[in-house]
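K.L.:
Build me a model from this:
(chains A, B, C and D)
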Protein chains: 2
Amino acid sequence: MGVPLYQTKAEFFRTLGHPARIRILELLAERDHAVHELLEQIAIEPSNLSQQLAVLRRTSLVVSRREGTAVVYSISVPEVRDLLLSARRILVGLAETRSEFEDELMVPDRR
Amino acid sequence: MGVPLYQTKAEFFRTLGHPARIRILELLAERDHAVHELLEQIAIEPSNLSQQLAVLRRTSLVVSRREGTAVVYSISVPEVRDLLLSARRILVGLAETRSEFEDELMVPDRR
DNA sequence: TCACTATATGAAGACTTCTTCAAGTCATGT
DNA sequence: ACATGACTTGAAGAAGTCTTCATATAGTGA
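P.N.:
So this is what the prediction gives:
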């Protein structure tokens, strides 16, 4: 309480605002992954991956558990899937709008 | 198209990652607003508001038109509403998770 | 216990984003 | 033409985020 919702929302979106973190969430949306599995899919340094996982952990978007020698991550809020889908839809919409606009620019006199 | 989708998505979420921009989108999701109307609702300096509107314009999330002496903004992608709702749902979920956890901390020995 | 692999953390410089200030544009009424 | 109100823009320092490096910790098997 105290912190206004729009502030919290902004912080939330900011934690999604990084390519590696998006990829992590997309992979975890499919199924749980150990850190070394994420590392195979995402081309960044291990310590950088760890940092990004830490960001996601801080906001409780993911949780980790140790399994023997590996650490396995999973999404803690399944609704994140909807959000990522929503975002994709919006981006596709924006891309279309933009390319229509570019068409007009390319063929300006054609009705 | 060159730029990978997760990169584009990250940029998109980053443009949502600011309290003023969230408020702007929420207000515009209700109805179109002139800049001076936004200014009444959002407590920031006019030039700051303008900067934030510029960010939203650059990503084509909003469009502006001049109406006489005023400039009126509107949302260009209606799906943004779903996204904001999705986000709210997730945040509520997270808040609940966290407060359950805090309950455990406060009453640790009680089953 | 030691060496090894898997992962996390702290710190620092590079880089980006914010806020504010000063100055600029654009319509309107006089 | 000018003054005014409504907004925008560019620049600059402050504040925040990224990436990398060095170091730390936790299991595992020899």
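
K.L.:
Centre-most residue in chain A?
P.N.:
When C-alpha atoms, centre = their mean is applied to chain A, the residue found nearest the centroid is A:I22 (2.2 Å).

K.L.:
what's the nearest residue to that residue if we skip its chain neighbours?
P.N.:
Setting aside the residues directly before and after it, A:I22 is nearest to B:Y6 in space (C-beta to C-beta, 6 or more residues apart in numbering or on different chains), at 4.4 Å. Heads up, the C-betas are built off the backbone N, CA and C, glycines and all.

K.L.:
Contact partners for the one you found?
P.N.:
A:19, A:22-23, A:26 (C-beta atoms under 8 Å, 6 or more residues apart in numbering or on different chains).

K.L.:
One more: A:Y73?
P.N.:
Contacts for A:Y73 (C-beta under 8 Å, 6+ apart) come out as A:24, A:28, A:32-35, A:38, A:53, A:62-64.

K.L.:
which two from these end up farthest apart in space?
P.N.:
With distances taken as C-beta to C-beta, the most widely separated pair in those is A:L38 and A:V63, at 14.4 Å.

K.L.:
Between those two, tell me which one has more neighbours.
P.N.:
Legend: neighbour count by other C-beta atoms under 10 Å in any protein chain shown for A:L38 and A:V63, higher for A:L38 (21 against 15).

K.L.:
just to revisit the earlier point, what's the helix or strand for the residue nearest to the centre of chain A?
P.N.:
helix A:19-30 (DSSP states H and E).

K.L.:
centre of the chain versus that helix, how much separation?
P.N.:
Chain-centre distance of helix A:19-30: 5 Å, with C-alpha atoms, centre = their mean, to the nearest Å.
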